[in-house]
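Quick one: sequence and predicted model below, then my questions.
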Amino acid sequence: MEKDIIEVPYTWEIPFKYTAGEVLTKFFYELKEKRIMGIRCPKCKRVLLPPRGFCEMCFEPLEEWVEVSDEGVIGAFQICCMKFLGAPEPPWASGLIRLDGADTAILHFIGGIDLSDIEKGKEAIKIGTRVKAVWSDAPKGLITDIRYFTPV
Amino acid sequence: MSRRVAIVGVGQTETATKLKSYTHPELAYKAVRRALDDAGLSLEDIDAVVYGSMDEFDGINCPDRWDIDAGGGWHNKPFIKILTGGSTGHATASIAYQHVASRVFDVVMALGVQRVGENLDAQAVLNKAFNPLFLGDFTLGSIDGWALLTTMHMAKYGSREEQFALASVIDHEHALNNPYSHIKKKVTVEDVMKSPPVCWPIKYLECCPRSDGACAVIMVSEEKARELNRKAAWIRGVQYIVCTPYYGDRPGGVDWLNLAMAGKRLYKMCGITNPMEEIDVIELQAPFPIVHFLALEALGFCEHGEAGKLIESGATRMGGKLPVNPSGGVICTNQIGVAGLVRIAEASLQIMEKADKRQVAGAKKALAVGMGASRGQYQSVMLLTKDWN
Ligand SMILES: [Zn+2]
């Protein structure tokens, strides 16, 4: 075909509202007070974070709330160096962080580090590095009330 | 009692970031036409169609509706859609297999269509697969998730970046033999190491492309296979398994105990006691090198932490003891929701001795591994064999 094939542009822009349910709603209200709450399974005794309505291992409903520390340890990390649609300006880092008092890790940003030199970034962030939450000055009751975790 | 099922026809389209010459259904039609021709069958011979695609990459709510005509929907044929994240293609084939094994249908086509090139940033699409209540804000999509596992593997087992790079080099080397491969470019370990970090430790030349492409595979009952008397690949066994979406509480972490369990089930089903000695070739849905490592280890081809050494030994190259991805794999072509079906198609071509320049001589047992959804939440394995026993 001699002429360029036509491509028709199209955009999906449709707002949604995702229901948090009772368990995550309590978790979010507590975040607003700068407290991180996990939930303990009566059977396996694990403190699960993010909290959830049932233990997927024991299949038991969960209701025992336990406050966990806002300090913990990096279990895995990555340093994003390219710009992607909807993602922060690179470089940025994220990781799996297991907070003291929790048995599971959460995914969150790792920040407060100069990542412009990736070699230096890798020195600052390691598996096993201890980190602490840096909180928003105006918490809204969302997971982003923790802005990022930074090495202590 | 289930009955034996064989693959007798495979049809693939070329792949590219944008296959602009065809609309969605026209692309589907091309794969269907080729599979029918390969099997020596006509549309009338197909009893039912199992269709797989991931809606969001193509920006179509239910692409199955668009492609019904290409699947013969006008001709009073049962048509059903399967979607299990990145492993959609593999799952589509599994369900097609069960359609025949259950004696409900004699001839069934598995059809996969995907146009990852239609969206302008696949990572932004992938991001929408993560729970927006506590994950969506912190994850990019796919690359960062696999990078997390890569750093875990490096920390736990001392795997080196050069070893991951080599897995990509070998896929690229193999892709040169595959006319359907998207990326056809020879690269060296040095090239990979020097390519820009995307999500460190994953580098640009270790990342799969966004590909458009379709694939169709025709499966028949044992009776029908004998009647057709054509080259066939027996589906000796299929297994699949799932894993929690909570990123931080996977048992085994980097050891992929779930895939190991699925592998054990498959080996038991197929009478495999020593996979390294008994399996001749693997087609692995690995969009990044870390998946080579995790899958080879979990499926018992080496001990945990030893995949780097296995790859360095040359075993996974063409001519090696266990060629992995003679097709060039997903690092060189990723039509995401179809990629798992292509693994089964390529494994079948190996068994049917129709793989041309990428043929592994004397392949009698080929393993097709599917993977999908946030770093391996769905995992599936199928063993294809030349002889039943
Ligand atoms: Zn429990």
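Yes, it's here. Residues are numbered from 1 along each chain as shown, chains lettered A, B, ... in the order given.

what are the ranges of the helices in chain A?
With DSSP state H applied, chain A shows helices at A:21-32, A:118-124, listed in chain order.

Nearest to the ion, out of those helices?
helix A:21-32 (14.7 Å; Cβ to the ion). Placement of C-beta: from N, CA and C, glycine included.

Tell me how far residue B:389 lies from residue A:48.
47 Å (Cβ to Cβ, to the nearest Å).

okay, residue 47: pLDDT?
As the question left the chain open, I've gone with chain A. If you check residue A:47, the pLDDT there is 97.

Chain B is the one I meant
97.

what do you get for the one 5 residues further on?
Residue-level confidence at residue B:52 comes out at 98, pLDDT.

same thing with residue B:251?
For residue B:251, the predicted pLDDT is 65.

By mean pLDDT, flag the weakest helix or strand of chain B.
helix B:122-127 (a mean of 92; mean pLDDT, DSSP states H and E).

just checking, what packs against it?
With contacts taken as 3 or more Cβ pairs under 8 Å, 6 or more residues apart in numbering or on different chains; DSSP states H and E, helix B:122-127 sits against helix B:55-58.

Specify the next element, helix or strand, located C-terminal of the helix it packs on.
Once the chain leaves helix B:55-58, the next helix or strand it forms, by DSSP states H and E, is helix B:63-67.

Just the buried positions in the helix or strand following the least confident helix or strand of chain B, please.
Next helix or strand after helix B:122-127 toward the C-terminus (DSSP H and E): helix B:143-157. Within helix B:143-157, the residues that count as buried by 16 or more other Cβ atoms under 10 Å in any protein chain shown are B:143-155, B:157.

Helix B:143-157 near chain A anywhere?
Yes. Part of helix B:143-157 sits near chain A under the criterion Cβ under 8 Å from any Cβ of the partner chain, namely B:143-144, B:147-152, B:155.

Let me see the contact set for residue 135.
Defaulting to chain A. When contacts are counted by Cβ atoms under 8 Å, 6 or more residues apart in numbering or on different chains, residue A:135 touches A:34, A:70, A:145-147.

Please refer instead to chain B.
Counting by Cβ under 8 Å, 6+ apart, residue B:135 has contacts A:107, B:247.

How about chain A: which residue is closest to chain B?
Residue nearest to chain B within chain A: residue A:105 (2.9 Å; Cβ to the nearest Cβ).

What is the burial count for that residue?
Residue A:105 is flanked by 23 other residues according to other Cβ atoms under 10 Å in any protein chain shown.

ok, now how distant is the closest residue to it other than its chain neighbours from the ion?
By the measure of Cβ to Cβ, 6 or more residues apart in numbering or on different chains, the closest residue to residue A:105 outside its immediate chain neighbours is residue B:248, 2.9 Å from it. Distance from residue B:248 to the ion, counting by Cβ to the ion, to the nearest Å: 15 Å.

now residue B:314
Relative to the ion, and taking Cβ to the ion, residue B:314 is found at 45 Å.

list the contacts for the residue of chain B found nearest the ion?
The nearest approach of chain B to the ion comes at residue B:249, 10.6 Å away (Cβ to the ion). Going by Cβ under 8 Å, 6+ apart, residue B:249 touches A:46, A:48, A:103-105.

How about residue B:176?
By Cβ under 8 Å, 6+ apart, the contact set of residue B:176 is B:184, B:186, B:328.

Tell me if I'm right that the residue nearest to residue A:105 and residue A:107 touch.
Yes. Here residue B:248 reaches residue A:107: they are 6.6 Å apart, a contact under Cβ atoms under 8 Å.

what is in contact with these two at once?
A:96-97.

Tell me how many other residues surround residue A:114.
Residue A:114: 9 neighbours (other Cβ under 10 Å).

With the ion as the reference, measure out to it.
Distance from residue A:114 to the ion, by Cβ to the ion: 41 Å.

low pLDDT regions in chain A?
Judged by pLDDT under 70, chain A has no weakly predicted residues.

redo that, cut-off 90
A:1-2, A:118 (pLDDT under 90).

now do the stretch 101-250 of chain B
Ranges of the stretch 101-250 of chain B meeting pLDDT under 90: B:139-140, B:244-250.

can you pull out the helices in it?
B:122-127, B:143-157, B:161-175, B:189-194, B:222-228 (DSSP state H, counting those that start in this stretch).

Would you mark the buried spots in the first one?
In other words, helix B:122-127. In helix B:122-127, counting by 16+ other Cβ under 10 Å, buried: B:122-123, B:125-127.

Show me where the stretch 151-300 of chain B has its strands.
Assigned by DSSP state E, counting those that start in this stretch, the stretch 151-300 of chain B shows strands spanning B:197-200, B:202-203, B:212-221, B:233-242, B:281-284.

Out of those strands, which gets nearest to residue A:42?
Closest approach to residue A:42 among the strands of the stretch 151-300 of chain B is made by strand B:233-242 (24.9 Å; Cβ to Cβ).

Show me what the closest one is in contact with.
Strand B:233-242 is contacted from outside by B:4-7, B:87, B:90-91, B:94, B:97, B:101, B:219, B:258-259, B:261-263, B:265-266, B:269-270, B:347-348, B:351-352, B:365-366, B:370, B:377-388, using Cβ under 8 Å, 6+ apart.

thinking again about what came up before, touching the least confident helix or strand of chain B from outside, list them.
For helix B:122-127, contacts defined as Cβ under 8 Å, 6+ apart pick out A:84-87, B:56-57, B:116, B:119, B:136, B:139-143, B:210, B:336.

mind redoing it with 10 Å?
A:12, A:80, A:82, A:84-87, B:54-59, B:85-86, B:116, B:118-119, B:121, B:135-145, B:198-199, B:208-211, B:334, B:336, B:373-374 (Cβ atoms under 10 Å, 6 or more residues apart in numbering or on different chains).

Now list the buried members of those.
If we count by 16+ other Cβ under 10 Å, the contacts of helix B:122-127 have these buried: A:80, A:82, A:84, A:87, B:54, B:56-58, B:85-86, B:116, B:118-119, B:135, B:137-145, B:198-199, B:208-211, B:334, B:336, B:373-374.

From those, list the ones also adjacent to the ion.
Filtering these for proximity to the ion by Cβ under 5 Å from the ion leaves nothing.

I'd assumed residue A:80 was in contact with residue B:144.
Yes. Taking Cβ atoms under 10 Å as the definition, residue B:144 is a contact partner of residue A:80 at 5.9 Å.
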